[in-house]
Each structure stands twice: as structure tokens, then as C-alpha cells.
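Novice: just the structure for this:
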Amino acid sequence: MKKLQDLIQVTSGSPQFRINLSTNGDAPTYMFYGQSEIENDLVNMEVNKEDAKAIRTTDELNTLEEGDVLFSLVSGRATLVRAVHKGYLYTQNYVKLVPINKVDKRYIVYLLNENTLVRKQLQMNLQGSTVLKYTIKQLKELEMPQLPSIEKQRIVGNIYFDQLRLQALKERVVDAEKVINLYRLREVK
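Specialist: The predicted structure is shown next:
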């Protein structure tokens, strides 16, 4: 069995506590990529609306590009970054995963989020006493299942993302129906 590090290069995010704030108006402003952005990118729409934190600095930082695979060391969830989050800063709580071999990015997200073998390994090795967190070493050492052909990976990855979006759309409909019904109930007097 291959390990994740045999298939993917792992790049850690910028250490947040080492970023120097700048008062210089010409310094670039970076938005922080967070858990709500992961969830929004997974379903390809805005479902969690939180204002992203921003920082102004002249430091060299790790930022995201559209199509990057990102894994949260806090939630244990992976996603594919959308264009709307291009240029966002990712901190040490996240790692960027860059496929080395013929590995479809959407398929990697599917494996990390849904594969039973992978999820079981992640759960077994959580570290922390009060706040559980995954480690980069643990991620690199994950034993990966045998990969299907790149064509099958693309099919599985596309179906996975389509299913997540469909589920989010259905939840949006249910929420809208609830609001409508609650409004109608208020009218009954």
C-alpha cells in the first residue's frame, strides 16, 4: 500500500502568530481561509456566511489558488478551493495537497473525506487533550487504498462534488420551506 506522501506533496500554511501586522496603507491585505470557506467550497456555493478575517502585512505568506486541494488539520476535512477564494491566506491549521502522480484532485478530496480506511486511520491518531487536531506527519503516513484509473478517479470525484452540491441545494429548499411555513403559521390567528 502506498502512503499519501508517495502520491501527494504536502505544504503547511503560514504560522499565524509569526505574521507581522503592517500599518502601511500600501501593504497588501489578505483574507484568512477558514472552516466556513471549506464548507462553501465543498458545495460550490455560499452556505455558511461568516465574514473572513483579514490582515495587512508585507510578509511572504502561503496563499491559495483556484483548484488547490486544502486539508484542515482541525476538522479533518478536505476541499477544492474555488476561484472566489483565490489569494486567501491559509494558516498552519491547513495544508495544501499537490498531487505528484496521476491523482485527480477531486478524488483525493473524496478519499480524505469519505473513504472508510482513510477516515479510520485519521480518527485513530487524533492528538490533543482538549482540542483534537490532526498532524502533518499523520496525514503523510496515511495508507491509501489502491487507486483506480485516472478516468475512474475523475468520475468518482465529479459524482462526489455533484452529490455534495445537490445535498446543499436540497437543504436550502427545506430551510426556505420552513421559513414560508412559519410565516404562514403566524398569519393563522
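Novice: quick check: which element contains residue 165?
Specialist: Following DSSP states H and E, one finds residue 165 within helix 150-187.
Novice: show me what that helix is packed up against.
Specialist: helix 35-43, helix 105-114 (3 or more Cβ pairs under 8 Å, 6 or more residues apart in numbering; DSSP states H and E). Any C-beta I mention is one placed from the backbone N, CA and C, and that applies to glycine too.
Novice: which of those sits closest to residue 178?
Specialist: Proximity of these to residue 178 was assessed by Cβ to Cβ; the nearest stretch is helix 35-43, lying at 19.0 Å.
Novice: note down every partner strand of the helix or strand following that closest one and its orientation.
Specialist: Along the chain past helix 35-43, the next helix or strand (assigned with DSSP H and E) turns out to be strand 54-56. Taking DSSP bridges as the criterion, strand 54-56 pairs within the sheet with strand 29-31 (antiparallel).
Novice: need the residues that contact stretch 90-101.
Specialist: 6-16, 32-33, 62-64, 68-74, 78, 105, 108, 133, 136, 139 (Cβ atoms under 8 Å, 6 or more residues apart in numbering).
Novice: tell me the angle the helix holding residue 165 makes with helix 35-43.
Specialist: Compare the direction of helix 150-187 with that of helix 35-43 by axes from the mean of the first three to the mean of the last three Cα atoms, to 10 degrees and you get 110 degrees.
Novice: for residue 75, what are its contacts?
Specialist: Shown in contact with residue 75 (Cβ under 8 Å, 6+ apart): 35, 38.
Novice: distance-wise, check it relative to residue 123.
Specialist: Residue 75 sits at a distance of 13 Å from residue 123 (criterion: Cβ to Cβ, to the nearest Å).
Novice: now swap in residue 30 and tell me
Specialist: 32 Å.
Novice: pLDDT weak spots in the chain?
Specialist: By pLDDT under 70, the weakly predicted segments of the chain are 47-48, 50, 126-131, 189.
Novice: picking that back up, just the buried ones from the contacts of stretch 90-101?
Specialist: Buried members of the contacts of stretch 90-101, scored by 16 or more other Cβ atoms under 10 Å, are 7-8, 13-14, 32-33, 62-64, 68-73, 78, 105, 108, 139.
Novice: looking at the residues you listed, which are in helices?
Specialist: Helix and strand membership here follows DSSP state H; of the buried ones among the contacts of stretch 90-101, those in helices are 7, 105, 108, 139.
Novice: and those as CSV, adding distance to residue 20?
Specialist: Formatted as CSV, the entries for those read as follows, by distance: Cβ to Cβ, whole Å:
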residue, distance to residue 20
7, 35
105, 33
108, 33
139, 28
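Novice: just to revisit the earlier point, show me the one of the helices and strands packed on helix 150-187 that comes nearest residue 173.
Specialist: helix 35-43 (13.6 Å).
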